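S.K.: Need coordinates for the following:
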Amino acid sequence: MLIARQQSILDLAKQVGRVTVEDLAARFVVTPQTIRKDLNELCDRRLLARVHGGAVLASSTENVGYDARRQIASSEKMQIGQAAANLVPNDSSLFINIGTTTEAVAQALLQHTGLMVITNNINVANVMRAYPQIEVVIAGGVVRRSDGGIVGEAAVDFIRQFKVDFAIVGTSAIDEDGSLLDYDYREVKVAQAIIANARRVILVADQTKFDRTAPVRIGSVAQVDVFVTDRCPSEGVRGLCRAEGVELIEAAPDWGEPDTGKPAEAE
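M.R.: Numbering: from 1, shown residues only. As a prediction, this is how the structure comes out:
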């Protein structure tokens with residue numbers, strides 16, 4: 001049985017997606033060491049997964065809510081977004097798929113000119129639609145209530161009409177072997193069509209995606225041309241990028257080591 005504080009931590013993680021040691025210690029008026037022990041126990045039970053400075057909800061079958069996902073690694077996503085946007089020249093055509101990190105790329109692209117953006121992400125369309133220098137084309141299909149993603153066979157058929165310069169794709173999880181994973185097989189089919197119909201594929205994902213898992217395989221890191229992340233903690237994925245000629249861009253590689261919950265040697 002979980003103690004009351006641990007249950008409250010789990011409930012909070014379900015609401016906001018990510019919890020931090022610092023915030024939890026202040027909320028419950030306990031020491032960071034006590035919170036780390038709580039998080040370690042929740043992680044041992046596979047209810048949460050540890051990330052730098054805290055933990056995220058650990059589910060292999062259901063994604064965190066879209067608004068909560070926006071809060072997870074939000075500053076890192078902004079850095080990733082800018083680094084990815086720097087790879088896209090003016091007067092380009094591109095796909096942008098569903099995700100909060102791809103939405104951060106869309107925000108960073110707003111000062112570009114002459115773009116044609118095809119998306120199955122209502123949030124991206126809303127971000128970009130007011131900018132006259134950007135033409136936004138939105139896919140048809142079933143609108144997913146949870147995040148405004150457009151999925152299904154109609155969306156796949158729509159995407160296949162195009163051949164664009166760039167694809168900006170996100171993923172829900174990255175396995176140690178480089179597999180890109182998602183929760184919804186309908187979204188996976190759209191993502192696969194996007195990858196197949198772009199001349200250059202840019203994968204964007206923050207390092208918390210290495211701490212998660214999901215049941216449906218999109219493809220592999222080996223299938224993309226560039227992988228933009230804040231920091232890549234996986235030596236296996238680093239090696240795969242080197243072997244397959246995938247350019248790895250780390251937007252914030254020196255921001256600190258992952259928090260393992262273990263005391264430092266001096267302590």
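
S.K.: What about residue 22, how many residues nearby?
M.R.: Neighbourhood size, residue 22 [other C-beta atoms under 10 Å]: 12. Just so you know, the C-beta spots here come from the backbone N, C-alpha and C atoms, and that holds for glycine as well.

S.K.: same for the strand or helix carrying it, what does it pack against?
M.R.: According to DSSP states H and E, residue 22 maps onto helix 21-28. Helix 21-28 sits against helix 4-16, helix 32-44, strand 54-57, with contacts defined as 3 or more C-beta pairs under 8 Å, 6 or more residues apart in numbering; DSSP states H and E.

S.K.: I'd like those laid out as JSON lines, including mean pLDDT, distance to residue 97 and mean neighbour count.
M.R.: Below are the helices and strands packed on helix 21-28 laid out as JSON lines (pLDDT from 0 to 100; distance: least, C-beta to C-beta, whole Å; neighbours: other C-beta atoms under 10 Å):
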{"stretch": "helix 4-16", "mean pLDDT": "87", "distance to residue 97": "24", "mean neighbour count": "16"}
{"stretch": "helix 32-44", "mean pLDDT": "92", "distance to residue 97": "30", "mean neighbour count": "18"}
{"stretch": "strand 54-57", "mean pLDDT": "83", "distance to residue 97": "21", "mean neighbour count": "25"}
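
S.K.: Adding distance to residue 101 as columns, could you present these in JSON lines?
M.R.: Below are those laid out as JSON lines (distance: least, C-beta to C-beta, whole Å):
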{"stretch": "helix 4-16", "distance to residue 101": "17"}
{"stretch": "helix 32-44", "distance to residue 101": "23"}
{"stretch": "strand 54-57", "distance to residue 101": "14"}
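
S.K.: what sits against the closest residue to residue 24 other than its chain neighbours?
M.R.: The shortest distance from residue 24 to any non-neighbouring residue, by C-beta to C-beta, 6 or more residues apart in numbering, is to residue 35 (4.6 Å). Listed by C-beta atoms under 8 Å, 6 or more residues apart in numbering, the contact partners of residue 35 are 9, 21, 24, 25, 28.
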